[in-house]
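>>> sharing a model prediction with you, sequence too.
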Amino acid sequence: MQLNNKPIGVFDSGIGGLTVLRHLVRKLPNESFIYLGDTARVPYGNKSAETVKQYSLQCATFLKQHDVKLIVVACNTASALALDTLQAEFEIPIIGVISSAAQAASNATHNNHIGVIGTRATIASDSYALQISGFGDLKRALHHVHSRPCPLFVPLVEEGWLNSPATRLIAEEYLRPLIANGIDTLVLGCTHYPLLSPLLQSILPGVTLIDCGECAAEDVVGLNLTSSAESDNANHISMYVTDYSPSFSKLANQFLGLPVDEPTLVTIDSLVQSHGATKLG
Ligand code: DGL
């Protein structure tokens with residue numbers, strides 16, 4: 001096993017990716033992390049594929065300039081629309097959150113009816129459906145994927161309405177067709193949704209919920225890009241955002257499950273220029 005003390009880079013459209021970082025931190029206690037939340041341009045989930053690709057390239061370039069050994073795209077929308085572009089652009093490993101969650105859903109289902117919920121862009125991309133039922137795998141070919149965009153969940157979670165009657169009503173409405181389809185497994189295909197797990201599980205008793213962050217963290221563990229236990233930086237998180245609002249620390253703490261250091265502000269101008277500079281160089 002080769003030691004490599006460089007940090008792991010993680011980016012998301014905002015704070016949602018902290019639910020992915022939460023699992024990375026738990027599973028990789030010797031690693032240090034650089035997290036970039038593009039809070040000035042969130043949400044990505046309602047934007048065009050071209051825009052999400054450009055933003056993702058800029059975020060990944062920023063992380064690469066901080067000499068990370070690996071980039072985790074801790075955003076389903078960016079993983080759905082930009083992962084191929086990022087993997088073609090950078091030489092370091094780039095891990096998205098979709099393929100491992102698709103694999104976990106395929107392993108978990110007993111009746112072959114799998115639900116997927118996510119942003120409009122993630123669901124419109126069909127990435128989950130393709131990965132769950134594709135690639136010539138005979139077991140996967142039997143799967144039926146029932147997808148539904150749930151755009152109201154992101155603002156509800158950011159409002160902290162994790163178990164309010166309004167959220168329950170909206171969740172019941174969103175999930176009704178998936179229940180009618182008899183799903184036994186549901187992929188939470190958006191980084192905000194794990195915070196709604198208790199509510200969703202109460203509406204879907206007996207259904208296995210798949211947390212894409214947990215699956216992606218397992219993927220990273222499998223890469224064996226290990227830092228030494230003596231590394232001074234072990235488990236240190238450097239936090240960067242493109243916009244800072246007073247609610248950041250409270251929300252970030254809730255998403256990460258740990259106290260969060262004050263983030264450093266990165267301007268959008270510098271992000272845009274950094275990708276331009278990399279391309280020219
Ligand atoms: N992080 C995004 C995702 O997982 C949700 C928020 C957004 O729309 O940008 O798809």
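Perfect, I can see it now.
>>> alpha carbons only for contacts and neighbour counts from here, please
Fine.
>>> what about whichever residue of the stretch 101-250 of the chain sits closest to the ligand, neighbour count?
Closest to the ligand within the stretch 101-250 of the chain is residue 190: 3.6 Å, counting by Cα to the nearest ligand atom. The burial count assigned to residue 190 is 30, neighbours taken as other Cα atoms under 10 Å.
>>> wait, it sits on residue 119?
Yes: using Cα atoms under 8 Å, residue 190 is in contact with residue 119, at 6.6 Å.
>>> so where's the stretch 151-281 of the chain shaky on pLDDT?
Residue ranges of the stretch 151-281 of the chain with pLDDT under 70: 226-233, 276-281.
>>> all strands for it, in order.
For the stretch 151-281 of the chain, the strands defined by DSSP state E, counting those that start in this stretch cover 185-189, 208-211, 237-241, 264-265.
>>> quick check: residues of the protein near the ligand?
12-13, 16, 42-45, 75-77, 119, 190-191 (Cα under 6 Å from any ligand atom).
>>> at 8 Å instead, please
Listed as neighbours of the ligand in the chain under the rule Cα under 8 Å from any ligand atom: 12-17, 42-46, 74-78, 118-119, 121-122, 151, 154, 189-192.
>>> list the ones among those that fall in helices.
Among the residues of the chain next to the ligand, DSSP state H puts 76-78, 121-122, 154 in helices.
>>> quick check: the farthest pair among the residues you listed?
Pairwise distances across those peak at 15.3 Å for 78 and 154 (criterion: Cα to Cα).
>>> distance check, the closest residue to residue 171 other than its chain neighbours against residue 29.
Among residues not flanking residue 171 along the chain, residue 200 sits closest, at 7.2 Å (Cα to Cα, 6 or more residues apart in numbering). For residue 200, the distance to residue 29 (Cα to Cα, to the nearest Å) stands at 30 Å.
>>> so these two - more neighbours on which side?
The neighbour count for residue 200 versus residue 29, taken as other Cα under 10 Å, is higher for residue 200 (23 against 14).
>>> more neighbours: residue 78 and residue 154, which one.
residue 78 (28 against 19).
>>> got the contact list for the more buried one?
Contacts for residue 78 (Cα atoms under 8 Å, 6 or more residues apart in numbering) come out as 12, 44, 52-53, 56.
>>> where does residue 115 land in three-state SS?
Following DSSP: H, G, I helix; E, B strand; the rest coil, we place residue 115 in the strand state.
>>> for it, list each beta-bridge partner.
Per DSSP bridges, the residues bridged to residue 115 are residue 146, residue 186.
>>> quick check: it touching residue 176?
No: with contact defined as Cα under 8 Å, residue 115 does not count as touching residue 176 (11.2 Å).
>>> give me the more crowded residue out of those two.
residue 115 (29 against 12).
>>> where does the stretch 1-150 of the chain have low pLDDT?
The stretch 1-150 of the chain contains residues with pLDDT under 70 at 1-3, 135-136.
>>> show me where it has helices.
Under the criterion DSSP state H, counting those that start in this stretch, the stretch 1-150 of the chain contains helices at 18-27, 49-65, 76-89, 98-108, 120-125, 127-133, 138-141.
>>> how about those helices in CSV, adding distance to residue 6?
What follows is these, written out as CSV (distance: least, Cα to Cα, whole Å):
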stretch, distance to residue 6
helix 18-27, 15
helix 49-65, 11
helix 76-89, 19
helix 98-108, 24
helix 120-125, 31
helix 127-133, 31
helix 138-141, 37
